[in-house]
Each structure stands twice: as structure tokens, then as C-alpha cells.
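J.: Sequence and predicted structure, then a few things I'm wondering about:
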Amino acid sequence: MRSKVVSRFRCLEPSSMMKMFKEASKRSGLINLSLGEPDVPTDPSIVEALRQAGLEGHTHYAPSSGIPELRGAIRGYWSRTYGLEVPLEQVLVTNGGSQACHLAFQVLLEPGDEVVLLEPYFTFYAQQVCYHGGVAVPVVCREENGFVPRVEDIERVLTPRTKMLVLNSPCNPSGAVFDRATLQGIADLAERHDLIVLSDELYESFVYEGEHVPFATLPGMRRRTLTVGGFSKSFAMCGWRIGYVLGPEEILRPMDLLAIVQTLCVNSLVQRAALYALENGAPFTRRLHDLFRDRVRCASEGLNGLPGLSCGVPKGSFYVFFDVSRTGLSGEDFAWRMLEEAGVVMVPGGAFGTSFPHHVRLAATVPEERLREAFGRMKPVLEGLVRDGAA
């Protein structure tokens, strides 16, 4: 029978990140440094809040945009933490931050519209832009600049077809935290070229050096910014699948209407638990912050002590994006070799754009002793490369 799948989806292939996840799931005895989620379980009090919500009868459909109490708590959090003031109508609860991005691209992109992505970027951005008929335009964030973009590099790629720009600070995979001056320069570009900015701030609780500056707090930016946030990282709730987006009502309204026919609403019990987390979970989030700060420092030190590897110390998130070029291997070959010979799982830099073929992402989402064990496994493999003249 002739394929009934639409032509644009017939050749879909998993990213190298998904391939690595799949291969790792088949094996045992691995140290998995590929997963971008806290290894710490959700705080028991948040779990108990979900149980109580069920017992109290919160088991019915919720409003498509989210329960008012949660939306109010979200706007309250951004107001008291960062001074970002938004009305309730500008808060939309979604099934994770990924759905928020998906809906935004679906609502905003006409075929051929260009979206600027700051490379290295989270894999899903480019895929979602493509699926909705857009064209991803990469701008390289250079390692010598701490993976922070240069405004002039962004301006160089802008054309009359440029519709959106995606920011991600703190960044997955680089751990970069964009400074206020850089963000202001980008804001000036957005104003001058009439761009919508999707600012993915999912890691805002994980800043170790500098400050988190919500893009929407910059002068004039609230009206052209979609701020994506969530609970997966800050409250170790990845599997609960709840996030949100703050933005102009004229954009959120069609996003909400599309979400209704896709998922109807976000899980009612999960919304109640998320409300509890926002109102009571700050001490838990602070513990996560300190834990991952120490882990990324441990990981950076360990990687720099291995033959042929180099990296800086990330200023945020819980990833280390390191250079393997002195090993003589590409990031892809390096990641697969470490999987096969050392039993350590990481993600090649090619999963995050085309400009970092000799980089690899490590997620510091295991205890420090496991990180050190991973480096101990990697060391003889790397020493063998040195003996063979590759590094």
C-alpha cells in the first residue's frame, strides 16, 4: 500500500540525543550522564498535595488555560522574584514547556518564516520550527565568549522574513547565562525589526554566577515576549508534565484554543500539586540549586583533568558542554566510544546544532561520587587515545 503519511513527515528520524537515549535504555551497568532531569525525586510534600487533591475531588476537567489559583500563583512568583507584572489573562498553563513552545510556533509561523536560534540550542526548537513550516536560522554563540551571543552576529542574519528569535538562558546545553547588556542589545534588535521573542527560562532557578534577567522585564519587551517556565527542573517534576507561558493575550488566546483540541486541559491533580509547590516549595528549590551548583563544578574540574578534554565552568543550568577536539574524535564518535568502552552515556554536540561537531554535553544529574566514577572509567580510554597518537 502506498504510504499515507504526509510527505513532510515521511523521513522523520530521531535526533542523535534520542538515539543515545534509546541505546542506553537497552544496556545495564551504565553511568548515564545524558538525561536532562534531576535525579532527585519530587519532594514528598508535593506528592502528598496531589494525593490530597484527589481525595478532595479535584478529579474533573480543568479550565483549558489552567486553574485560576495556579495562574495567579505563577504571576505572583514572577512578580515577587523578578518584578515582572502580568495580568491573569497573560498566563497559560501547558503540558510542559515543550508544549508551550510547540503552540507558540504553531500560532506564529507562516510557511517560510525565519526563526533565529542561538547555537548551541535545545534540540526541540529546530524540530518544532521545521514541523510548523518555519526556517531555523542559526547564530553561533562562540565558546570564547562563554557561549553568550554577540548582538552583531544576530543582526547579520536578520531578513524581512525573520519573525521570531528564541532565547534560552540559562542555556541547555552550554550552561551560559546571558548578561543584561547582551539581552538589552537583543531587545533593541527585537524592537527595531519587530520580532517576537520566545524566551525559554526553564532553568531560571539554576544561576550560579551573575543574575537571571527575564527578557520580558526589559523596557518595551513584555508586549513582544513569550516567557516559558515550568516545574520540571525547579521542583524535580519532569514526569508530571506541567509548564506555562506568559505573554500577550492576542497570542495566548489562539494558543489556548489549539491546546484544547490537542490535550483539552492539563491534569487537574498535577495543577493542584504545582500550586502547592509554588506556594511552599522554595526551600526544596534552593536545595536543588546548591546541589547542582556543586555538581557542575565537580564535573568541570573532572573533565578538565582528563586527557584531551577542556571546558569552562557553567554559570547556570546543570550541564557541561565540553570540547573533545584534542582527542582527534568528533563529538559523535567520542560519545559512542565512551558508551561502548567506558559505559558512560553523554550526548554529542551535533544534537544541539551543526556548529559544535567536537563538543559533548554532560548532564550533572548523578551524585558527585558517580561523576568521579564516570571520569575514572573514561580516563583509560582517553589515555589509550593518547598512546595511539589521536590526542
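T.: On my side now, so go ahead.
J.: Can you give me the neighbour number for residue 298?
T.: Residue 298 is flanked by 18 other residues according to other CB atoms under 10 Å. Any C-beta I mention is one placed from the backbone N, CA and C, and that applies to glycine too.
J.: cool, and residue 211?
T.: There are 9 residues near residue 211, going by other CB under 10 Å.
J.: any idea how far residue 292 is from it?
T.: 17 Å (CB to CB, to the nearest Å).
J.: Identify the residues contacting stretch 126-133?
T.: Outside stretch 126-133, the residues that touch it by CB atoms under 8 Å, 6 or more residues apart in numbering are 8-9, 15, 101-102, 105-106, 109-113, 115, 117, 135-136, 353.
J.: again, only using 10 Å
T.: 8-9, 12, 15, 98, 101-115, 117, 119, 122, 124, 134-138, 163-164, 166, 352-354 (CB atoms under 10 Å, 6 or more residues apart in numbering).
J.: Quick check on these: which are buried?
T.: Buried members of these, counted by 16 or more other CB atoms under 10 Å: 15, 98, 101-109, 113-115, 117, 119, 122, 124, 134-138, 163-164, 166, 352-353.
J.: care to break this protein down by domain?
T.: Using automatic domain parsing, the domain parsing of the chain gives 7-36+283-387, 44-280.
J.: Residue 331 and residue 266: what is the separation?
T.: 36 Å.
J.: Also residue 14?
T.: 26 Å.
J.: Same check on residue 388?
T.: Residue 388 is 53 Å from residue 266, by CB to CB.
J.: higher neighbour count, these two?
T.: More neighbours surround residue 266 than the other of residue 388 and residue 266, with 28 against 9 (other CB under 10 Å).
J.: Now do the same contact list for the more buried one.
T.: 62-67, 70, 92-96, 99, 240-244, 259, 274.
J.: Any idea how many residues pack against residue 305?
T.: Neighbours around residue 305, by other CB under 10 Å: 10.
J.: does it really touch residue 375, like I thought?
T.: Yes. Judged on CB atoms under 10 Å, residue 305 makes contact with residue 375 at a distance of 7.3 Å.
J.: How about the contacts made by residue 22?
T.: Per CB under 10 Å, 6+ apart, neighbours of residue 22: residue 14.
J.: starting at the chain centroid, how far to the host helix or strand of it?
T.: Residue 22 is part of helix 16-25, with elements assigned from DSSP states H and E. Relative to the chain's own centre, helix 16-25 is displaced by 18 Å; criterion: CA atoms, centre = their mean, to the nearest Å.
J.: What is the burial count for residue 384?
T.: If we define neighbours as other CB under 10 Å, then residue 384 has 13 of them.
J.: Wait, it touches residue 329, no?
T.: No. Look at residue 384 against residue 329 with CB under 10 Å: they stay out of range, at 11.9 Å.
J.: Tell me the pLDDT of residue 21.
T.: On pLDDT, residue 21 comes in at 84.
J.: Grab the nearest non-local neighbour of it.
T.: If the residues on either side of it in the chain are set aside, residue 21 comes closest to residue 34, at 6.4 Å by CB to CB, 6 or more residues apart in numbering.
J.: where does the chain dip in pLDDT?
T.: 389-391 (pLDDT under 70).
J.: So residue 147 is in contact with residue 315, correct?
T.: Yes. Residue 147 lies in contact with residue 315 (CB under 10 Å); the separation is 9.4 Å.
J.: Spit out the residues that contact these two alike.
T.: What both residue 147 and residue 315 touch, as defined by CB under 10 Å, 6+ apart, is the set 169, 171, 174-178.
J.: farthest-separated two in those?
T.: 175 and 178 (11.5 Å; CB to CB).
J.: list residues touching both of those two?
T.: Counting by CB under 10 Å, 6+ apart, the residues touching both residue 175 and residue 178 are 146-147, 315-316.
J.: would you list every one of the strands in the stretch 1-150 of the chain?
T.: 31-32, 91-94, 114-119, 135-140 (DSSP state E, counting those that start in this stretch).
J.: Which parts of the stretch 51-200 of the chain are helices?
T.: 68-82, 96-108, 123-131, 151-157, 180-193 (DSSP state H, counting those that start in this stretch).
J.: Highest mean neighbour count out of the ones you listed?
T.: Of all those, helix 96-108 carries the top mean neighbour count, a mean of 22, counting by mean count of other CB atoms under 10 Å.
J.: For that helix, C-alpha coordinates in PDB please.
T.: C-alpha atoms of helix 96-108 as PDB (Å, rounded to 0.1, in the frame of the first residue of the first chain):
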ATOM      1  CA  GLY A  96       5.200  21.000  29.900                       C
ATOM      2  CA  GLY A  97       7.400  23.800  28.500                       C
ATOM      3  CA  SER A  98       7.700  21.800  25.200                       C
ATOM      4  CA  GLN A  99       4.000  22.200  24.500                       C
ATOM      5  CA  ALA A 100       4.200  25.900  25.200                       C
ATOM      6  CA  CYS A 101       7.000  26.200  22.500                       C
ATOM      7  CA  HIS A 102       5.100  24.000  20.100                       C
ATOM      8  CA  LEU A 103       1.900  26.000  20.400                       C
ATOM      9  CA  ALA A 104       3.800  29.300  20.000                       C
ATOM     10  CA  PHE A 105       5.400  28.200  16.700                       C
ATOM     11  CA  GLN A 106       2.100  26.800  15.500                       C
ATOM     12  CA  VAL A 107       0.300  30.100  16.100                       C
ATOM     13  CA  LEU A 108       3.000  32.400  14.900                       C
END
